[in-house]
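**Q** Sharing a sequence plus its predicted fold:
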Amino acid sequence: MSKIEVDQVDPQSGTTLTLGTSGDTVSIPSGVTIANSGTATGFGLTLTYTKGTATGDNSTTDFTISSGRAVDDVLVYVNGFLLTPTTDYTISGTTLSFATAPASSAEIVFRYLPLTSNGTYTNQTETGDNTTTNFTINSGRTVEDVIVTVNGVTLVPATDYTISGTTLAFTTAPTTSAEISIRYLRLN
């Protein structure tokens with residue numbers, strides 16, 4: 001196995017830089033930033049998803065989670081229902097605090113979204129009124145890069161809602177006082 005180490009690669013304009021061939025593994029160490037002023041094709045980063053689990057006891061509200069996390073990059077499920085960040089839980093350091101203690105024997109799952117040096121996750125909340133079907137969202141989004149829940153139930157993209165421009169349109173208006181959560185996944 002050969003190993004080549006370089007500090008910088010600067011191909012001439014109009015040329016192609018190829019790292020490895022089909023079936024090879026190209027490793028990029030943690031902390032390395034990939035600058036891209038043009039378009040990268042055929043190149044992908046491997047993102048790592050991890051999870052943690054816990055069990056509710058009807059009194060504990062604080063749980064220890066992985067360090068370096070914020071409310072928008074952790075998906076929290078209790079008995080299969082996706083919770084709304086800041087409304088249903090907060091994070092400070094390595095402590096995730098529920099607004100209400102999960103019930104006895106409740107299955108709690110923490111899904112850690114991948115972190116890199118670029119981009120952020122964000123969240124938007126709305127409230128249903130039994131008539132409104134259209135909600136304004138951030139621009140540049142598609143049904144593939146948002147997670148929408150109503151009262152903790154995850155909706156099916158393109159079936160339960162569509163996105164056109166800055167409008168998220170529900171097929172059926174969420175009921176009065178329904179808690180709507182729109183989770184924006186990272187675009188880069």
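**A** Here it is on my side, so go on.

**Q** quick one, domains of the chain?
**A** By the record's domain assignment, the chain is partitioned as 50-112, 122-184 (automatic domain parsing).

**Q** In a markdown table, list those domains along with mean neighbour count and mean pLDDT.
**A** (Each C-beta comes from the backbone N, C-alpha and C, glycine too.) Compiled in a markdown table, the domains of the chain are given as follows (neighbours: other CB atoms under 10 Å; pLDDT from 0 to 100):
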| stretch | mean neighbour count | mean pLDDT |
| --- | --- | --- |
| domain 50-112 | 15 | 95 |
| domain 122-184 | 15 | 95 |
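
**Q** Now do the strands in the chain.
**A** Here the chain has its strands, by DSSP state E, at 50-55, 62-64, 74-78, 81-82, 89-92, 95-98, 107-112, 122-127, 134-136, 146-150, 153-154, 161-164, 167-170, 179-184.

**Q** And the fifth one, what does it pack against?
**A** Right, strand 89-92. strand 95-98 (3 or more CB pairs under 8 Å, 6 or more residues apart in numbering; DSSP states H and E).

**Q** Pairing partners for the strand it packs on, with directions?
**A** strand 62-64 (antiparallel), strand 89-92 (antiparallel) (DSSP bridges).

**Q** So which of those is nearest Asp73?
**A** strand 89-92 (9.2 Å; CB to CB).

**Q** circling back: the strands paired with strand 95-98: which one's closest to Tyr161?
**A** strand 89-92 (23.8 Å).

**Q** so how far is that closest one off the chain centroid?
**A** Centre-to-centre, strand 89-92 and its host chain are 16 Å apart (CA atoms, centre = their mean, to the nearest Å).

**Q** ok, now stretch 75-83?
**A** That offset, for stretch 75-83, works out to 14 Å (CA atoms, centre = their mean).

**Q** what's that stretch in contact with?
**A** Contacts of stretch 75-83 with the rest of the structure, by CB atoms under 8 Å, 6 or more residues apart in numbering, involve 56, 85, 88-89, 96, 102-103, 106-111, 113, 147, 149, 151-154, 181, 183.

**Q** before we move on, what about stretch 91-102?
**A** Contacts for stretch 91-102 (CB under 8 Å, 6+ apart): 56-67, 69-71, 74, 76, 78, 87-90, 108, 110.

**Q** hang on, the earlier thing: redo the strands paired with strand 95-98 as CSV? Include distance to Thr50.
**A** Formatted as CSV, the strands paired with strand 95-98 follow (distance: least, CB to CB, whole Å):
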stretch, distance to Thr50
strand 62-64, 14
strand 89-92, 15
